[in-house]
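*Asks:* Pasted the sequence and its predicted model underneath.
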Amino acid sequence: MLPALILAGSLLRLTLLVDACVTAPATPEANTTFTDNTVFIPDADYTSWKTIYGRSLQLPDDSLLMTWEDYPPEPPLVYFPIYRSIDGGATWSEYSRVQDTQNDWGLRFQPFLYELQNSWGSYAAGTILAAGVSTPANLSGAYIELYASTDSARTWTFVSHIAYGEGPELVTNGDKAIWEPFLLEYGDAFVCFFSDQRDSAHAQKLVAVTTSDLVNWSDDFDVVAYSEYDDRPGMAVVAHIQSTDNYILTYECCGSENCQAYYKVSSSPLTFNSTTGVPILSNDTSKTAPVGSPYVIWTSRPDRVDGSGMIIMNAASNSEVFINEDSAGQDGWKMVDINQWSAYSRSLRIIDDAGESRLFLGAGGNMVSDSSCNWVSCGVVGLSDLV
């Protein structure tokens with residue numbers, strides 16, 4: 001529990017920062033639906049974007065975890081903070097920290113949380129994984145790192161280097177950078193997708209590597225790679241459409257497509273490179289094209305009993321979500337207002353909220369020109385509001 005003086009200071013910072021951007025909502029009731037609830041407010045001396053790139057996980061005890069890119073002044077080394085909620089996202093407190101124990105660089109970019117559904121090597125089902133980019137403050141090189149927790153995210157140990165880029169870890173074409181890991185179990189392969197600038201034939205492409213033990217990783221293979229050098233597909237997210245046993249990949253297509261959200265569908269998450277990517281457009285008269293950092297999930301529908309579901313995606317440019325049928329038709333994307341803030345790489349997750357399935361949104365900020373507006377928030381939406 002925070003001392004009263006620190007708590008008062010935190011509330012004052014909340015007022016000062018939020019008043020310049022939005023009106024902060026009151027703390028919601030536990031296990032309810034709500035809009036843009038506060039998870040974490042960065043201190044005034046935070047640098048860069050302060051916070052960004054929120055990611056979530058629900059544990060078997062129904063508690064929720066959130067992490068994000070965190071930009072406090074250095075030293076000490078930056079790390080991925082883990083915050084926890086035991087009341088459906090209504091209130092949050094610091095729970096643990098994923099810290100760089102290998103490189104003396106810090107854990108800086110694009111964290112991702114994952115719970116193992118199966119055993120891999122010496123890591124049992126139920127192990128919690130955290131992946132992300134470790135790079136020094138001067139961005140001279142980067143590893144995508146994997147850490148594990150066997151005690152429900154209370155403590156963390158290093159597992160393996162997933163990939164290495166010589167750097168600099170910048171988005172300038174030609175820099176040998178790597179970004180944005182996404183983890184997935186598929187059959188006898190544990191897969192990590194990531195964005196890759198190391199191939200001289202591509203400013204950036206999407207690749208994947210696999211492992212059977214979380215320690216030894218395969219060579220990378222292409223997931224999305226365009227013939228035009230300047231095109232930069234990035235930010236891979238994959239969801240399993242259970243009713244059709246297909247997989248959907250969303251990604252941003254920067255370069256000639258100005259970071260518009262695209263998607264591919266394949267019978268296997270290992271064969272996306274053989275399918276064609278198509279842009280996402282809303283099927284109303286606005287023909288809205290979501291742009292930047294798309295995220296996608298699948299869930300069963302609450303209004304059907306036939307096992308069918310809905311694909312849910314969002315992107316940084318819109319506060320709305322885009323809903324599609326399991327067939328993932330190009331003309332099937334319905335734009336739905338959910339009364340939540342937009343955010344850069346806003347993550348989506350279906351949670352068990354006191355026995356009811358709901359949509360949880362994790363946000364770290366929208367990288368607006370006034371970075372003091374970036375702080376970590378979450379929202380919960382009823383699935384019936386999406387159909």
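*Replies:* Arrived safely, thanks for sending.

*Asks:* ok, which stretches of the stretch 151-300 of the chain are strands?
*Replies:* Ranges of strands in the stretch 151-300 of the chain, per DSSP state E, counting those that start in this stretch, are 157-165, 178-186, 189-196, 205-211, 221-224, 232-241, 246-254, 260-266, 278-279, 295-300.

*Asks:* gap between the fourth one and the chain center?
*Replies:* Averaged C-alpha coordinates place strand 205-211 at 17 Å from its chain's average position (CA atoms, centre = their mean, to the nearest Å).

*Asks:* Report the mean confidence score over that strand.
*Replies:* For strand 205-211, mean pLDDT rounds to 99.

*Asks:* Likewise for the first one?
*Replies:* Throughout strand 157-165, pLDDT has a mean value of 98.

*Asks:* Buried residues of that strand, list them for me.
*Replies:* For strand 157-165, burial by neighbour count (16 or more other CB atoms under 10 Å) applies to Val159, Ser160, Ile162, Ala163, Gly165. C-beta coordinates here come from the backbone N, C-alpha and C atoms, glycine included.

*Asks:* Can you add distance to Asp326 and give the strands of the stretch 151-300 of the chain back as TSV?
*Replies:* Listed next are those as TSV, based on distance: least, CB to CB, whole Å:
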stretch	distance to Asp326
strand 157-165	31
strand 178-186	19
strand 189-196	22
strand 205-211	23
strand 221-224	22
strand 232-241	5
strand 246-254	8
strand 260-266	10
strand 278-279	16
strand 295-300	8
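
*Asks:* Give me the nearest residue to Thr288, chain neighbours excluded.
*Replies:* Ser282 (4.2 Å; CB to CB, 6 or more residues apart in numbering).

*Asks:* quick one: that neighbour and Ile323 touch, right?
*Replies:* No: at 9.8 Å, Ser282 and Ile323 do not qualify as touching, with contact defined as CB atoms under 8 Å.

*Asks:* what touches both of these two?
*Replies:* Both Ser282 and Ile323 are in contact with Trp333, Lys334, Met335, where contact means CB atoms under 8 Å, 6 or more residues apart in numbering.

*Asks:* in the stretch 51-200 of the chain, what spans have low per-residue confidence?
*Replies:* The model of the stretch 51-200 of the chain has no residue with pLDDT under 70.

*Asks:* ranges for the helices of it?
*Replies:* Counting by DSSP state H, counting those that start in this stretch, the stretch 51-200 of the chain forms no helices at all.

*Asks:* that older thread, so which of the shared contacts of Ser282 and Ile323 comes closest to Pro72?
*Replies:* Met335 (36.7 Å; CB to CB).

*Asks:* would the closest one count as being in a strand?
*Replies:* Yes: secondary structure of Met335 (DSSP: H, G, I helix; E, B strand; the rest coil): part of a strand.

*Asks:* Pull the contacting residues for it.
*Replies:* Residues in contact with Met335, defined by CB under 8 Å, 6+ apart, are Ser282, Asn283, Asp284, Ser286, Thr288, Asn318, Glu320, Val321, Phe322, Ile323.

*Asks:* Looking at the strands of the stretch 151-300 of the chain, spot the one closest to Thr38.
*Replies:* Closest of the strands of the stretch 151-300 of the chain to Thr38 is strand 295-300, at 20.9 Å (criterion: CB to CB).

*Asks:* for the helix or strand following the closest one, what is the average pLDDT?
*Replies:* Note on strand 295-300: by DSSP states H and E, the next helix or strand toward the C-terminus is strand 309-314. Strand 309-314 shows a mean pLDDT of 98.
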